[in-house]
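1. starting from these lines, generate the structure:
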Amino acid sequence: MFGSQSSTTLLLSTLILAPSLSLASVSSSWVLDHLGNLSPYHKAPVPSGVQETLPTDCKVDQVFYMGRHGSRYPLASELVFIQGLSAKLAAASASIQKAKLPSELGFLKSGYNTTLGHDDLTPPGRRQLFEHGIDFKLKYPQLAINELLVGGQDRVEESAQWFREGYFGRNWANISTFTVIPEDSKTISFITPSFTCPQWQYAYGNNLTVAWGTHYLSPITKRLNKLIPGANLTDADSHGALYACAYDTAAYGIDNSPWCGVFSQSELLNFEYELDLLMVGAFGYGLPNDMGAVLGSTIVNKIIDVFANTSSSLISFGHDTTADFTLTALGLAKDSPALSPSVSTPKSNRLWRTTNQVPFGTQMIFEKFSCSSSAKGPQIRLVLNDAPLPLSSCAKSSLDRKLGACSLDAFVKANAASTAISWGDAKWNATCGNPGI
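-> Here you go, the predicted structure:
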């Protein structure tokens, strides 16, 4: 598509995408808020006009907690980009030693040899989940929690274990149970519903990122090659440098991530948009045939079942994908027009922002609460990463909108499309194909 743009449009795009003159102006705190789903855990912004805390006459009776694993090392498929960059720089070390590098690239004089592992939790990731366990205990001391449902992947299991130690303390083994749900194509699970959907493909999101990458990576590569003599970097290497920024941060902290200071705000915003495209395409509204909502219905139905038919809270751990499917089924954070790689620059006011929705250590908490006078119960609201996210589809009153909440009955009615779907029924099979388990 870009080949058909006029020369004027292409010039405008180049000017917009050009890096700022002062890379040092990109602060560490700003970077931490623009790494998409690879961002460290942070509090999400509270929407305008929404009250962050419940009225004093209200009491939380149950919660449905879905936590994402903490900060991790890159996936093996991502690490190869960082390793490729490292190898290129090592081969050009003689030229780099002789070169006059700008200050932000001065670290290359000492060499950049990545030592990142892959897939497992990092030390900051362990700390995030331990602190989440403590914070959850302090926030909801009235709730009796004794079981954790955990997706069967190592980083998810370890995250749940750290949460459990923070919540229960050293006696956790005697007062809690730990149920692992396999993550495979044979186990029906609300944590990983796409695994039992044969028609689902990661490529739905990845194809969007490839298209966007052809647009924004080349100017970065050209700029870096001018600054680093003899490196002969490719777009894949530039991609590796962006990954290195995110994953050095995930492993060692932002102050020990030399690559983040190499990029301008516009370059990092384009990388953030790539991550948003990936998640919305593979786990959200970009999936075909309403597949995102169908897969997300498994989580919505679980929430309704817990709140309508039990008095217990449910604590579970999974992935950013679990939370994204949930948001899609609920119709939240939906952009119109849909996010697309066929733009010159990403919209700054887009609703789908993985930085705020699904950072490492995401906490998606649905609260069921009752109030003695203000909001009659039972009510339900969503607190996503310590900030209420309004349930706009079921809000009926001004108080509902102020709290971002609605009655449980209204929530059930608003999500009739989800409750009409169950795994393996006609709608599921029409969207996913017959799982044949």
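2. just want the most central residue of this protein.
-> V358 (2.6 Å; Cα atoms, centre = their mean).
3. would you agree it is in contact with D276?
-> No. The criterion here is Cβ atoms under 8 Å, and V358 misses it with D276 at 10.1 Å. Glycine gets a C-beta too; all of them are placed from N, C-alpha and C.
4. quick one: secondary structure of M66?
-> Under DSSP: H, G, I helix; E, B strand; the rest coil, M66 falls in the strand class.
5. again with P55
-> In terms of secondary structure, P55 is coil; the call rests on three-state DSSP.
6. residues in contact with it?
-> Counting by Cβ atoms under 8 Å, 6 or more residues apart in numbering, P55 makes contact with C371, S374, A375, L403.
7. the same query, at a cut-off of 6 Å, please.
-> Applying Cβ atoms under 6 Å, 6 or more residues apart in numbering to P55 gives the contacts S374.
8. per-residue pLDDT, it?
-> The model reports P55 with a pLDDT of 93.
9. same check, this time on T9
-> According to the predicted model, the pLDDT of T9 comes to 33.
10. rewinding a little: how about the residue nearest to the centre of the chain, nearest residue that isn't a chain neighbour?
-> If the residues on either side of it in the chain are set aside, V358 comes closest to D320, at 3.6 Å by Cβ to Cβ, 6 or more residues apart in numbering.
11. doesn't L382 lie inside a helix?
-> No. Counting by three-state DSSP, L382 falls outside a helix, being strand.
12. next, count neighbours for it.
-> L382: 22 surrounding residues under other Cβ atoms under 10 Å.
13. contact partners for it?
-> Taking Cβ under 6 Å, 6+ apart, one finds F366, L389, L391 in contact with L382.
14. just L121 next, same as before
-> Counting by Cβ under 6 Å, 6+ apart, L121 touches G70, R72, R155, E158.
15. could the residues you listed go into CSV alongside pLDDT?
-> Listed next are the contacts of L121 as CSV, based on pLDDT from 0 to 100:
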residue, pLDDT
G70, 98
R72, 98
R155, 98
E158, 98
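16. just the residues you listed: which are in helices?
-> For the contacts of L121, the ones inside helices are R155, E158, with DSSP state H as the criterion.
17. closest one of the contacts of L121 to S422?
-> Looking at the contacts of L121 and their distance to S422, the nearest is R155, at 29.5 Å (Cβ to Cβ).
18. low-confidence regions, the protein specifically.
-> 1-25, 435-437 (pLDDT under 70).
19. rewinding a little: which among the contacts of L382 count as buried?
-> For the contacts of L382, burial is judged from neighbour counts taken by 16 or more other Cβ atoms under 10 Å, and it is met by F366, L389, L391.
20. do you know how far the residue of the chain positioned farthest from its centre is from G230?
-> Taking Cα atoms, centre = their mean as the measure, the residue most remote from the mean C-alpha position of the chain is K98, 41.3 Å away. Plainly put, K98 is 9 Å away from G230 if you go by Cβ to Cβ, to the nearest Å.
21. what does stretch 390-398 contact?
-> Residues lying outside stretch 390-398 but in contact with it, judged by Cβ under 6 Å, 6+ apart, are V50, G331, L382, R401, G404, C406, A410, F411, A414.
22. can you tell me the closest non-neighbouring residue to the last one?
-> Read that as A414. Here the nearest residue to A414 in space, its sequence neighbours aside, is C394; by Cβ to Cβ, 6+ apart that works out to 3.8 Å.
23. distance between stretch 404-418 and the chain's centre?
-> Mean C-alpha position of stretch 404-418 versus that of the full chain (Cα atoms, centre = their mean, to the nearest Å) differs by 24 Å.
24. with only the CA atoms kept, save it in CSV.
-> Output of stretch 404-418 as CSV, limited to C-alpha atoms (Å, rounded to 0.1, in the frame of the first residue of the first chain):
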residue,chain,number,x,y,z
GLY,A,404,-17.6,2.3,36.4
ALA,A,405,-19.9,-0.4,37.6
CYS,A,406,-23.3,-2.0,37.1
SER,A,407,-25.6,-4.4,38.8
LEU,A,408,-24.8,-8.1,38.4
ASP,A,409,-28.1,-8.7,36.7
ALA,A,410,-27.4,-6.0,34.1
PHE,A,411,-23.9,-7.4,33.6
VAL,A,412,-25.4,-10.8,32.8
LYS,A,413,-27.9,-9.4,30.4
ALA,A,414,-25.3,-7.2,28.7
ASN,A,415,-23.2,-10.3,28.1
ALA,A,416,-26.0,-12.6,26.7
ALA,A,417,-23.9,-13.2,23.6
SER,A,418,-21.2,-14.8,25.8
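25. ok, and what's touching that stretch?
-> By Cβ under 6 Å, 6+ apart, the list of residues contacting stretch 404-418 from outside reads 50, 297, 300-301, 304, 307, 329, 378-381, 388, 390-391, 393-396, 400.
26. filter these to the buried ones?
-> Buried residues within those, defined by neighbour count using 16+ other Cβ under 10 Å: 50, 297, 300-301, 304, 307, 329, 378-381, 388, 390-391, 394-395, 400.
27. now, the contacts of stretch 390-398 that are in helices?
-> Applying DSSP H to the contacts of stretch 390-398, the entries found in helices are R401, A410, F411, A414.
28. burial count for S189?
-> Taking other Cβ under 10 Å as the neighbour definition, S189 ends up with a count of 23.
29. so it makes contact with I181?
-> Yes. With contacts counted by Cβ atoms under 6 Å, S189 reaches I181, the gap being 5.0 Å.
30. where do the helices of the stretch 1-150 of the chain begin and end?
-> In the stretch 1-150 of the chain, the segments counted as helices under DSSP state H, counting those that start in this stretch are 7-17, 28-32, 76-91, 93-98, 123-139.
31. any idea how far L116 is from I188?
-> If you go by Cβ to Cβ, the gap between L116 and I188 works out to 34 Å.
32. can you state the direction angle for the top helix by length along the chain and helix 76-91?
-> Longest helix in the chain by number of residues, with DSSP H as the criterion: helix 203-227. Our comparison of helix 203-227 with helix 76-91, counting by axes from the mean of the first three to the mean of the last three Cα atoms, to 10 degrees, yields an angle of 10 degrees.
33. which other residues reach helix 203-227?
-> Under Cβ under 6 Å, 6+ apart, the answer for helix 203-227 is 17, 105, 233, 235, 238, 267, 270, 274, 277-278, 281-282, 287, 341.
34. following element in sequence after that helix, please.
-> Of the helices and strands lying after helix 203-227 in sequence (DSSP states H and E), the nearest is helix 235-252.
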